[in-house]
Each structure stands twice: as structure tokens, then as C-alpha cells.
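Trainee: got a predicted structure here, sequence first:
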Amino acid sequence: MPNAPARSGPANRRVVALAYDGLCTFEFGVAVELFGLPRPEMGPDWYAFATAAVEPGPLRGLGGVQVTADGGLELVEQAGTIIAPGWRGADSPVPRPLIEALRTAHANGARVMSICSGVFVLAAAGLLAGRRATTHWRYVDTLRALYPDIEVQPDVLYVDEGDVMTSAGSAAGLDLGLHLVRRDFGPEAANTVARRLVIPPHRDGGQAQFIQRPVPTAHEASRLSPILDRMRADLSREHTVKALADAAGMSPRTFLRRFEAATGVTPARWLLAERLARARDLLETTPAGVEQIAQAVGFGAPALRHHFRKSLATTPQAYRARFGGHPGAADTRSPA
């Protein structure tokens, strides 16, 4: 099947990261790595990055570094995407000029994105009222107490509300950033950026923030990794727990316990996420019909539509119309 043509990116390519005294340097570095590095391989339509000072300098970052910004809040009002890379504390007031700049930019069509505690900046600006949002698990209760009008999602990596996006802990900013690259430029571009970062190209936003044991022991990894590869290589197949446990050389009960400890989810949940991710790739990059895609990933078409509605609040056709390069591809069986 032919691949979809590359997407040209957002209408306003300017990405502006906020800089402030007490800057969270890791979160700021995430923004730079994703959107600020020169990437000539991506062509002339790639993001244009700038740093906006929230207040007069000197601006000190955690770790003793000093930051010289490209400009002030005037850059915020020119941005297509604004990133709040953390904040110096939930109890630290957000300056009124920054609040006004964010509100103006958002009203003019800018997207806003927070990493970790940066959610408190967006919340103070009123941009999360009545919306879903997430933050680091340590800040969940504080966010709920300070802003009861926000629907706080405590156990996810990120939340995409279209023009407002929030991520959990610091590293989840990488997941959200790659998700945005995927939205803007397609899966191949996101994969390219992920390879350069040496991280997985996609972790679903609904994945838990933390798991009981993030990395399996070397012995278990040698047994579980081939099982994950086997499931991923043939998503159309029915993978029973007994068959997977036999292949791993474990009893079903032991397999279930160790699989969930290593991945944070049950085999069924893991497989569902992989199937949905593959279906999204196929909708974005091929002209295959929904029935054909459903069969390729181990669903019937009705089940695929059900899971799209439940997990993504959309239909396969609507997803393709928004993200795919083949909006005219037909589902020859029945409408969504």
C-alpha cells in the first residue's frame, strides 16, 4: 500500500517555551530537544523555536545555569504553540502579564502545552476550566484542591484536549511532545524524532504514570521480551494467556503477575493498546478500508469502532479525516 504524503505541519510553526526564574531545566530541555533542535531532514516546514522570558532577568535555572531568552511575552502572543516547562511551585503566583499573554494567544488560536508542574500556569490562566488535565502524581491532590473546576486525570501520561495539552511527570513531556509531532507531521516524523532521542516512538496517553516494577529483571526480560515481540508481530492472532505463558515457560498465574509487574497492564490491555496504535498507523498512512484494517489488527470492524469511540472519543473515519493522508478511502462494509 502506498504511504501517505508528508504533512506540512501547523499553520503557525512558532513554538515558544516559557523561561522563568527557578526554571525546571529538565522540562525545558525536553521542549528544546523536541522542538528546538535543527532538523534539516524534516524540511523547511519544521517548527521554529524561541524562548520567552516571563519576567526580567537574570533567570536562574535549577542546577545553577542562567538563561538568556530570545525575547519577552511579546513572543507568546506570536506563538502557534506555547509550552510551560514546569513551574516553580503550586503556591508560587503566576504573574498577571503572563496570564494575560496566554489568554490572548489562546484566544487567537495558539495551542498550549504543559509539562509536569507547568499545569499550574495553564490553570492560573483559566485555560483548563471545565477540561480534562493531568500532572505529576505528586501534584494531583493540590491541583484538585486549588482548581476544582478541572477534571484531573491522575493515572495517565498525558491528556490532549486539542488546543490544550497537559503531561504528567517530566519524562511524560517527551510522550506528549511526540504525540504532538505525530499530530502535526505524521507517524514517520514522530518515529524519526524518537529514534534521535533513543526512546519509544509512542506510549499511549492513557498508560499509567508509574508501575510496580518499571524494568523487569534480566532473567524475566529474556523471557518476556520475545513474548511482546511475538504479540506485536501478529496482532490479528488470538493470543491466549495459556499460550503466552507456555511460550514464556511460566504458569498462567505467574505469567499474569510478572507481565503486569513489568508493563503496568494486563496482557489484554497491552494487546488492545498495540492494536489501536497499529490501527491508527494504518489509518494515517494507507488507503485501506476500515474493515481491512480491523482484520489486520485482530478486530472486527464493529469492535474497532467501539474501541476508537471508547479510547479516542472518535470514529476510525473521523480519525482518518483529521490525521490521514487518504481521507477518501472507503469502508466498503458499513458507515461508522
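Mentor: Structure received.

Trainee: ok, residue 168 - contacts?
Mentor: Neighbour list for residue 168: 116, 134, 135, 136, 137, 156, 157, 158, 209 [criterion: C-beta atoms under 8 Å, 6 or more residues apart in numbering]. Bear in mind the C-beta positions are built from the backbone N, C-alpha and C, glycine included.

Trainee: for PyMOL, what selects the buried ones among these?
Mentor: The PyMOL command for the buried members of the contacts of residue 168 (criterion: 16 or more other C-beta atoms under 10 Å) is given here:
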select buried, resi 116+134+135+136+156+157+158+209
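
Trainee: what is the nearest of the contacts of residue 168 to residue 270?
Mentor: Taking C-beta to C-beta as the measure, residue 157 is the one of the contacts of residue 168 closest to residue 270, at 14.8 Å.

Trainee: and residue 2, what's its pLDDT?
Mentor: Note for residue 2: predicted pLDDT of 40.

Trainee: same thing with the one 3 residues further on?
Mentor: Confidence per residue is given as pLDDT, and for residue 5 that number is 46.

Trainee: my read: residue 10 touches residue 184, true?
Mentor: Yes - here residue 10 lies in contact with residue 184, judged by C-beta atoms under 8 Å, at a distance of 5.3 Å.

Trainee: show me where the stretch 151-300 of the chain has its strands.
Mentor: For the stretch 151-300 of the chain, strands defined by DSSP state E, counting those that start in this stretch occupy the ranges 151-152, 158-160, 164-167.

Trainee: using CSV, please lay out those together with distance to residue 71 and mean pLDDT.
Mentor: Shown next, in CSV, are the strands of the stretch 151-300 of the chain (distance: least, C-beta to C-beta, whole Å; pLDDT from 0 to 100):
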stretch, distance to residue 71, mean pLDDT
strand 151-152, 33, 95
strand 158-160, 28, 91
strand 164-167, 23, 96
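
Trainee: select the longest helix from this protein.
Mentor: The helix that spans the most residues within the chain, counting by DSSP state H, is helix 267-285.

Trainee: packing partners of that helix?
Mentor: Contacts defined by 3 or more C-beta pairs under 8 Å, 6 or more residues apart in numbering; DSSP states H and E place helix 267-285 against helix 187-197, helix 218-233, helix 252-263, helix 290-296, helix 301-312, helix 316-323.

Trainee: would you single out the least confident of those helices?
Mentor: Of all the helices and strands packed on helix 267-285, mean pLDDT reaches its minimum on helix 218-233 (a mean of 75).
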